[in-house]
Every structure is written in C-alpha cells, then in structure tokens.
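Colleague: here are the coordinates; sequence isn't available:
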C-alpha cells in the first residue's frame, strides 16, 4: 500500500465560524469485531479511552462519545473501498508516542512519516502513522495538541457537497474549501471539507486520493461500497428527537434505511439516536 497522507487538522487554518446551534452531537462510531472483548482491551490499552458499559454491553468511552461493537462470525472487510477511511487519536509528541506503541508490540500499516511540508511547517514538526487495529481497522496517530480521540476521516465523490450536506442537516460547523484540486506527493488532498462535531473533527477527502494511493483496489471500481457490515459499520449522531429528525430528513429526500438509520453521502450508514452521549 502506498503512503496514505492524512488531512492535518490545523493545516487549513480553520477558524471559528458564527453558526447556528448544532442540530446534533457525535454519539458513537460502531465497529464489527469477531472478538469485541479483545478489541475493547486493545483500544483501552493503546489509546486514551476507557472501558465502560453502554446499557448492558461492554463498550469504549472516548472523552465525549462512544465506540460500540457488534460481534460477527467472520472478519469484516476492511479494504479502503467504503467512504469511512479511518479514525484516530492525537499525540503531543508523535515520535515518543510512536516509540511507545512499537515497544508495546503495536503493528503499523504505515510507519511514522514526516509530512510537515503539507502544513507549511519546518521538517520534524508534524508526523502521522497508521496503526493496524483489530480486524485491520485503520487507526491514525498524528501530531496534535492533545492525545484524545480526535477525528474521523471520510472519502467522498464530492467533498464539498458532502460537507454542505452535513452542515445542512446536522448543523455541523467547520471549513468547506473551494473546488480547486491539489496534489501532494502524488495524491489528491483537495478539495476538502473539515467539520467539527463536539470534540471530533470530521474530515472529508476526495475519492481521487484513494484512486491515487490504492490503484489496485480502485482500478475497475465505479463507486463506494456501503459501510454496513464492514469493520467500521457506521457513525451515530444524537439529536433531541429521533422522530422529528427522521421526519425532517425524509421530507427533504434523505434516504431512510432501517430503524433509525439513514444513508449519508457516499453510502455512509448513519444512525440517529436520542440524547447526547454520556458516560454511564
């Protein structure tokens, strides 16, 4: 696999925007796992998060939101052919964090890589690496001002339209860039959208990035696979009223699937739940 360049959360010099109150909050990221207990142990040992109960089920609490797990018989597909690319944690001292992970036996799909020039900083200022997580979930560690769960990175046929969709229906503030393209080290990194939902940055890159970086997966591929059933199955947003929200979305043509699930841009499965996430 070619090096996968992450979006730098501060690279676009995102500023605070005057926005209406958000219609939703980030509630959870939901994964499929053959051994949820082992997955939970992995995340709580390797990253800043803790094992807690979500209802009757064991889960992972990540500061303001959840990681939930469904037990599946077979290893779920993990190739980067759906629109949920990866998720990740920050690291104040990335070289030290990387060494600590290596010393503890963590396996990486991409080793520590300096991409300081992507953000206009001196060499040695900004790094990333991709952890090979349970079920080959792709987990990014990157230089940040914190070491918490920090972002979810998506791909899109049209990042600008996708960013506008999330803003329109869920009131998520952030940056939506121009439609001009940009290539960095042989891969497309623009156009881009970068939205902030509570303490989680939702970053949206163009699908051309995947086509550039993973040509063997995308040579004959026409579009995204749905996220349902994959290692990262769906995202969930919390609202004041599930019923009212679903009615509002349906009336505007948003596709409702099963239960309180909708289909977001690029076939991303999104669950609508009631009440903001709290640590039980």
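Modeller: Everything's here; your move. Every value quoted in this text rests on a predicted model; they were computed, and no experiment measured them. Residues are numbered from 1 along each chain as shown.

Colleague: Give me the neighbour count for the residue nearest to residue 214 when sequence neighbours are not counted.
Modeller: Leaving aside its sequence neighbours, residue 214 sits nearest to residue 80 (CB to CB, 6 or more residues apart in numbering; 5.9 Å). C-beta coordinates here come from the backbone N, C-alpha and C atoms, glycine included. Other residues near residue 80 number 20, with proximity taken as other CB atoms under 10 Å.

Colleague: Return the residues in contact with residue 80.
Modeller: 4, 138, 155, 210, 214, 217 (CB atoms under 8 Å, 6 or more residues apart in numbering).

Colleague: now swap in residue 95 and tell me
Modeller: Applying CB under 8 Å, 6+ apart, the residues near residue 95 are 112, 127.

Colleague: Surely it is in a strand?
Modeller: No: applying DSSP: H, G, I helix; E, B strand; the rest coil, one finds residue 95 to be helix, outside a strand.

Colleague: tell me the pLDDT at it?
Modeller: For residue 95, the pLDDT comes out at 98.

Colleague: All the helices of the stretch 51-200 of the chain, in order from the start?
Modeller: Secondary structure of the stretch 51-200 of the chain by DSSP state H, counting those that start in this stretch: the helices cover 94-103, 159-170.

Colleague: To residue 111, which of those lies closest?
Modeller: helix 94-103 (7.9 Å; CB to CB).

Colleague: How about the contacts made by residue 273?
Modeller: By CB under 8 Å, 6+ apart, the contact set of residue 273 is 27, 28, 236, 237, 238, 239, 242, 260.

Colleague: What does the pLDDT read for the residue lying closest to residue 172 once chain neighbours are set aside?
Modeller: In this structure, residue 172 finds its nearest non-sequential neighbour in residue 195, 4.4 Å apart by CB to CB, 6+ apart. Note for residue 195: predicted pLDDT of 97.

Colleague: Repeat that for residue 120.
Modeller: So residue 120 comes in at 88 (pLDDT).

Colleague: Also the one 5 residues further on?
Modeller: In this prediction, residue 125 carries a pLDDT score of 96.

Colleague: hmm, back to that, spell out which residues sit in contact with the residue nearest to residue 172, please.
Modeller: 163, 166, 167, 172, 173, 174, 175, 201, 202, 203, 204.

Colleague: now, which of those sits nearest residue 184?
Modeller: residue 203 (14.5 Å).

Colleague: helix/strand/coil for the closest one?
Modeller: strand.

Colleague: Bridged to the residue nearest to residue 172, which residues?
Modeller: residue 174, residue 202 (DSSP bridges).

Colleague: distance of it from residue 156?
Modeller: 12 Å (CB to CB, to the nearest Å).

Colleague: can you list residues touching both of the two?
Modeller: By CB under 8 Å, 6+ apart, the residues touching both residue 195 and residue 156 are residue 204.

Colleague: how about low-confidence regions in this protein?
Modeller: 1-22 (pLDDT under 70).

Colleague: The closest residue to residue 186 other than its chain neighbours sits in which helix or strand?
Modeller: Once flanking residues are discounted, residue 186 sits nearest to residue 212: 6.2 Å by CB to CB, 6+ apart. Counting by DSSP states H and E, the element that carries residue 212 is helix 207-213.

Colleague: Would you pull up how far that helix lies from the middle of the chain?
Modeller: Distance of helix 207-213 from its chain centroid, counting by CA atoms, centre = their mean, to the nearest Å, is 17 Å.

Colleague: helices and strands around whichever helix or strand comes after that helix, which ones?
Modeller: Per DSSP H and E, the first helix or strand lying C-terminal to helix 207-213 is helix 215-218. Applying 3 or more CB pairs under 8 Å, 6 or more residues apart in numbering; DSSP states H and E, we find helix 215-218 packed against helix 207-213.
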